[in-house]
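1. Predicted model and sequence below, questions to follow.
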Amino acid sequence: MKIGCLIYSYGEKFREIAACAVNSFKKFHPDVELVHITENNQHDFSATKFIKLYGQGIYKHMIALEVMKKYKFDKIIILGADTITCSRLDEFVDNNEDDILVTLSYPFHNVYPFVSPELQRFGAIPTPTILYKKDDKIIKEHHHFNSDVLCFNNAEALEQAVMCGIGHGHALDRRFQFQRETINDQRKRLDLEPICSDFYAENGGLNILCTISYDNQNQENLCTWAGLDYNFKVKCVDGPYSESSVVYNARAKGNIVAAANEKPWGRYTNQFYVKNNKLFTGDHKQIKIWHYCEAFGSIPDEQFADLMNNWIFDWFNEETKKFFKEQCDCEDFFEKEFSI
């Protein structure tokens, strides 16, 4: 089993936090080949010619696919440059059965616009809400995933994630404005959430692929209009959140959805604690990966720096920062003001 990991970062603003992402992953995975793509080596890969056409997000999945094939990886882990690996990722490394290993995003439902590449037909892909039964209680979980902490055991699945991301982008084209408005009118009459108007890039592609696979396997028939027979095996490694002993993504920030223009994270992340050289949330789940999940790539440099300094000086407690330094090889990153 040959395992690889891809981390992609671009520009000076990501230089220091990407070093934390790279060093921390290497610390816990000396047996995994890490490929760090930056502006200095990205032109060694043919996918780079598509970056202006499809954008940074979909490009990240395109280059991950190229890396997986070029280096003949059986498994590829894809991490954002704004992550810190806090433990060995056993749920990724040891699972060779499922095609796609995903991690939970913030707990909300989304409806993605999509143009099927097979039929060139426009429609909506609503992410599912799953009901789990345990003992005498029903547990509800939003199967909405974040693409910055992700693993593929199947190159075909990764290729289709790219295609779904492209189809999601096409759906936001002006050519389909009338169809979007028509479907949203129908959804409003049925008291359903409207199609989102934002471009979620590779995150949209991942969720569309996983949702269609889920619908096909469970005969939900919500996505049959797309004409796609995706049947990939998808495993969420940290869900449902209430039953999981680990957290891999944004749920570590409080398992909440923040209101617009609010950053409530500190009240939750200041409860992090260390036990037996492991980092835990306030509700006692081991943090396997820390993910800032702040859309750093889409905000101005000044706002980016301000946010990082909030994390350094206000939203992480001293115990957590010491853990990042001593256990994750982040050196003195959390001991000084961040600037670009």
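-> Happy to help now that I have it.
2. In space, what's closest to Ser339 - neighbours in sequence excluded?
-> Nearest residue to Ser339, sequence neighbours excluded (CB to CB, 6 or more residues apart in numbering): Ala305, at 5.8 Å. All C-beta atoms are positioned from the backbone trio N, CA, C, and that covers glycine.
3. Pretty sure the one you found sits against Trp311.
-> No - here Ala305 does not reach Trp311: they are 11.0 Å apart, not a contact under CB atoms under 8 Å.
4. Okay, helices next: where are they in the stretch 151-300 of the chain?
-> 155-171, 177-189, 201-218, 266-269 (DSSP state H, counting those that start in this stretch).
5. quick one: the strands in the stretch 51-200 of the chain?
-> 75-80, 83-85, 100-102, 111-115, 122-126, 129-134, 137-142, 149-152 (DSSP state E, counting those that start in this stretch).
6. Residues contacting the second one, please?
-> Meaning strand 83-85. 7, 20-21, 24-25, 27-29, 79, 148-149, 288-292, 324, 328, 330 (CB atoms under 8 Å, 6 or more residues apart in numbering).
7. Sheet partners, orientation included, of that strand?
-> strand 289-291 (antiparallel) (DSSP bridges).
8. just the fourth one next, same as before
-> Each strand paired with strand 111-115, and its direction, by DSSP bridges: strand 122-126 (antiparallel).
9. Run through who's touching the strand it pairs with.
-> Contact partners of strand 122-126, identified using CB under 8 Å, 6+ apart, comprise 109-116, 171, 176, 179-180, 183, 187, 192-193, 195, 207-208, 211-212, 222-223, 225-226.
10. Could I have the buried ones of these as ChimeraX selection syntax?
-> Buried residues among the contacts of strand 122-126 (16 or more other CB atoms under 10 Å), as a ChimeraX selection:
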select :110,111,112,113,114,115,116,171,176,179,180,183,187,195,207,208,211,212,222,223,226
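11. one step back: next, format the strands of the stretch 51-200 of the chain as JSON lines and append mean pLDDT and distance to Ile340.
-> Output for the strands of the stretch 51-200 of the chain, formatted as JSON lines (pLDDT from 0 to 100; distance: least, CB to CB, whole Å):
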{"stretch": "strand 75-80", "mean pLDDT": "98", "distance to Ile340": "18"}
{"stretch": "strand 83-85", "mean pLDDT": "98", "distance to Ile340": "19"}
{"stretch": "strand 100-102", "mean pLDDT": "98", "distance to Ile340": "31"}
{"stretch": "strand 111-115", "mean pLDDT": "95", "distance to Ile340": "32"}
{"stretch": "strand 122-126", "mean pLDDT": "94", "distance to Ile340": "37"}
{"stretch": "strand 129-134", "mean pLDDT": "85", "distance to Ile340": "39"}
{"stretch": "strand 137-142", "mean pLDDT": "89", "distance to Ile340": "34"}
{"stretch": "strand 149-152", "mean pLDDT": "98", "distance to Ile340": "24"}
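12. Generate JSON lines for those, with distance to Ser46 as supplementary columns.
-> JSON lines is the format used below for the strands of the stretch 51-200 of the chain (distance: least, CB to CB, whole Å):
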{"stretch": "strand 75-80", "distance to Ser46": "17"}
{"stretch": "strand 83-85", "distance to Ser46": "26"}
{"stretch": "strand 100-102", "distance to Ser46": "24"}
{"stretch": "strand 111-115", "distance to Ser46": "25"}
{"stretch": "strand 122-126", "distance to Ser46": "29"}
{"stretch": "strand 129-134", "distance to Ser46": "38"}
{"stretch": "strand 137-142", "distance to Ser46": "36"}
{"stretch": "strand 149-152", "distance to Ser46": "19"}
